[in-house]
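Student: I need the structure of the sequence given here:
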Amino acid sequence: MTVLPNDGLSLAAEFPSATHEQWRRLVAGVLNKSGREVSDETAEAALSTALEDGLATRPLYTAHDEAPDPGFPGFAPFVRGGRPDGSTVGGWGVRQRHTTADGAAVLADLENGVSSLWLVVGEGGFPVSSLAQALEGVLLDLAPVVLDAGRDTEPAARELLRLYGERGVAKDAARGSLGADPLGHEARSGEALDFAPAAVLARRCAEEYPGLRALTVDALPYHEAGGSAAQELGASLATGVAYLRELTEAGLSAEQACGQLEFRYAATADQFLTIAKLRAARRLWARVAEVCGAPRAGAQVQHAVTSPVMMSRRDPWVNMLRTTIATLAAGVGGADAVTVLPFDHALGLPDAFARRIARNTSTILVEESHLARVIDPAGGSWYVERLTDELAHAGWEFFQRIEGLGGQATALRSGRLGEDLAKTWEARSAKLAKRREPITGVSEFPNLGERVPQREPVPEPPSGGLPKVRRDEAFEVLRARSDAHLAATGSRPRVYLASIGPAAAHTARTSFVSNLFQAGGIEPVTEGAFEDSGTTEACLCSSDALYEEQAASTARDLRAAGAGHVFLAGRPGQYTDVDAYVFAGCDAVAVLSATLDRMGVS
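Tutor: Model (predicted):
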């Protein structure tokens, strides 16, 4: 009997090492068997996934995929985190957002896991005069407060500082941000603000309140306008640089100016892209600080917010899963604070249950999943390091484009920045319409019988600047038309699915088209005769072989029974008496909209 050394690797060592070329050859063999003509050299590219910004995710990464040394946490270029201890002591900050002066809700959050507050004051939130009410009973020396007040930043900041003094909070104990963000406000509203008040606040914080920052660089307006990850990075860099210029001109040193900024980014359910974005953002800002002569102040402070763009209004419960993945990505990416938007965010003001689930999302990831016990857990991954590097270069390129236009303010006011974001969203909208980017509960697996929760409306946010987009918006328009039809007639618009042959022949395509039509609020009818279906729309579902034999005759029979329009589920072919085809990759939004038009559903 042979006794193997107890090193845990001996069995693997008995096999010869595989090469990259061997792997490619095997992949090419599998793809060719499935009908895709590829060579060994193109096999890897055939499995790659295109991302925005000209990037792509390959199916395999190895040690040959080089990326710059990310360094150590707490040291430039800060890719691995802005602090040497990362979030290992207490996890990332759990920051809850409030748009109403509900002191009871604020206290409930703080008593159940929330560690800091994000208060929307003024337009889109509650009045400055209600700030004391919102913070009634809050221990301001323990709970950091971040303001988001737009044009009301100056009075809101004065009121918060007054409350600190009135409640005996020492100036060095105050924590948080006064949230001045003139360019962010302009991006949302189109209204240009004077920077002078923000500079005054920054000087006061630098001189009197060491734990307070005066300004927020909010990248959410660019994300919410449909921007890509690189565009979000580039716009945030351009905004940060603009603020550094203003602050140093106002008399602050470069180190002081850097210390007055907090950056806010969106975290999406694309976990690896979010991880890479936050890591790349720190690297890019470290480079800016270095060029400005303040390398020691280059550790970017990051506030991640789960993406409003990804939140769906239909089947909102799925948003809990989306925000969980986004929060995990933000934590792994090294965010200092994370705001989990409640699952009903797209419907209106969240209720107590939604706020509870939101704050518990971070708690579970930190306390039960122990996600914060390791600093930069994705670090060293060939894929993550390469994606971080590629995204950093793409973000820097977009930053240079904005600077070439004259800076962030000029790019905004000229409309050039908005045009770039709109082009990105147009391309993404096409993917959404074709269901190449699926939305669970909306474009995939919709539930026509669901009851959407009703919520109180949110305060009207600023408008007039960059648009706000949502992934579900095209399908939401279709579903709203169906809902109106249901309310007026008592039934939804319908389509009759004419299945040909045994179940094995038609089940896959029947399921496919049923899913597709329901995404537009159209109810599929699979039982009974066409004459009893209550519709003039029909769709053939079967295998290609049976289509050759029976598609034309079945379509003629449906027309004789009253069908005005006949679809066929499958790729376009030479079938007579068929008006249109539905297949994977077709423009589902256009198909569904035209179908509703024919049925008179407005």
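Student: lowest-pLDDT helix or strand in the chain?
Tutor: helix 10-13 (a mean of 62; mean pLDDT, DSSP states H and E).
Student: Tell me the helix or strand right after that one.
Tutor: Moving toward the C-terminus from helix 10-13, the next helix or strand (DSSP states H and E) is helix 20-33.
Student: could you say what helices and strands that next one packs with?
Tutor: For helix 20-33, the elements it packs on are helix 43-46, judged by 3 or more CB pairs under 8 Å, 6 or more residues apart in numbering; DSSP states H and E. Quick note: C-beta positions are derived from backbone N, CA and C, even for glycine.
Student: Quick one: mean pLDDT for the very next helix or strand once past the helix it packs on?
Tutor: Sequence-wise, the next helix or strand downstream of helix 43-46 (DSSP H and E) is strand 49-50. In this model, strand 49-50 carries a mean pLDDT of 91.
Student: Show me what strand 49-50 is packed up against.
Tutor: The contact analysis (3+ CB pairs under 8 Å, 6+ apart) places strand 49-50 against strand 56-57.
Student: distance between the strand it packs on and the chain's centre?
Tutor: Mean C-alpha position of strand 56-57 versus that of the full chain (CA atoms, centre = their mean, to the nearest Å) differs by 18 Å.
Student: next one: stretch 253-260
Tutor: Taking CA atoms, centre = their mean, the mean C-alpha location of stretch 253-260 is offset from the chain mean by 30 Å.
Student: And the strand or helix carrying Ala480, what's buried?
Tutor: Per DSSP H and E: Ala480 is located in helix 473-489. Going by neighbour count (16 or more other CB atoms under 10 Å), the buried part of helix 473-489 is 474-476, 478-479, 481-482, 485-486.
Student: so which of those residues comes closest to Gly125?
Tutor: Compare each of the buried residues of helix 473-489 with Gly125 using CB to CB and the shortest gap goes to Glu476, at 25.0 Å.
Student: Do you have the helices of the stretch 451-600 of the chain handy? List them.
Tutor: Counting by DSSP state H, counting those that start in this stretch, residue ranges of the helices within the stretch 451-600 of the chain are 473-489, 503-519, 544-560, 588-598.
Student: would JSON lines of these with mean pLDDT be doable?
Tutor: As requested, these are arranged in JSON lines below (pLDDT from 0 to 100):
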{"stretch": "helix 473-489", "mean pLDDT": "97"}
{"stretch": "helix 503-519", "mean pLDDT": "96"}
{"stretch": "helix 544-560", "mean pLDDT": "94"}
{"stretch": "helix 588-598", "mean pLDDT": "97"}
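Student: how many neighbours does Asp85 have?
Tutor: By the measure other CB atoms under 10 Å, the count of residues near Asp85 is 11.
Student: Verify the stated contact: it with Ile375.
Tutor: Yes. In this structure, Asp85 is within contact of Ile375 by CB atoms under 8 Å, at 7.4 Å.
Student: any residues in contact with both of these two?
Tutor: In terms of CB atoms under 8 Å, 6 or more residues apart in numbering, Asp85 and Ile375 are both contacted by the residues Pro73.
Student: Where do the helices of the stretch 101-250 of the chain begin and end?
Tutor: With DSSP H, counting those that start in this stretch as the criterion, the stretch 101-250 of the chain has helices spanning 103-111, 131-134, 153-166, 182-189, 196-208, 220-224, 229-249.
Student: Go ahead and confirm Lys434 touches Cys586.
Tutor: Yes. Taking CB under 8 Å as the contact criterion, Lys434 and Cys586 are neighbours in contact, 6.7 Å apart.
Student: Look up the residues that both of those two are in contact with.
Tutor: Among the neighbours of Lys434, none is also in contact with Cys586 (CB under 8 Å, 6+ apart).
Student: rewinding a little: out of the helices of the stretch 451-600 of the chain, which is closest to Leu220?
Tutor: Leu220 lies closest, by CB to CB, to one member of the helices of the stretch 451-600 of the chain: helix 473-489, at 17.3 Å.
Student: So which elements touch the closest one?
Tutor: If contacts are counted by 3+ CB pairs under 8 Å, 6+ apart, helix 473-489 sits against helix 416-433, helix 588-598.
Student: With distance to Trp92 and mean neighbour count as extra columns, can I get those in JSON lines?
Tutor: Formatted as JSON lines, the entries for the helices and strands packed on helix 473-489 read as follows, by distance: least, CB to CB, whole Å; neighbours: other CB atoms under 10 Å:
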{"stretch": "helix 416-433", "distance to Trp92": "28", "mean neighbour count": "18"}
{"stretch": "helix 588-598", "distance to Trp92": "38", "mean neighbour count": "18"}
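Student: Now distance to Leu201 too, for those helices, in CSV please.
Tutor: CSV is the format used below for those (distance: least, CB to CB, whole Å):
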stretch, distance to Leu201
helix 416-433, 26
helix 588-598, 46
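Student: nearest to His185, of these?
Tutor: When the helices and strands packed on helix 473-489 are ranked by proximity to His185, the top entry is helix 416-433, at 14.9 Å, counting by CB to CB.
Student: Quick check: which helices or strands does that closest one pack against?
Tutor: With contacts taken as 3+ CB pairs under 8 Å, 6+ apart, helix 416-433 sits against helix 229-249, helix 382-404, helix 408-414, helix 473-489, helix 588-598.
Student: any idea where the strands of the stretch 51-200 of the chain begin and end?
Tutor: In order along the chain, the stretch 51-200 of the chain carries the following strands (DSSP state E, counting those that start in this stretch): 56-57, 93-98, 116-120, 145-148, 176-180.
Student: among those, which is the most enclosed?
Tutor: Greatest average neighbour count among those goes to strand 176-180 (a mean of 28), per mean count of other CB atoms under 10 Å.
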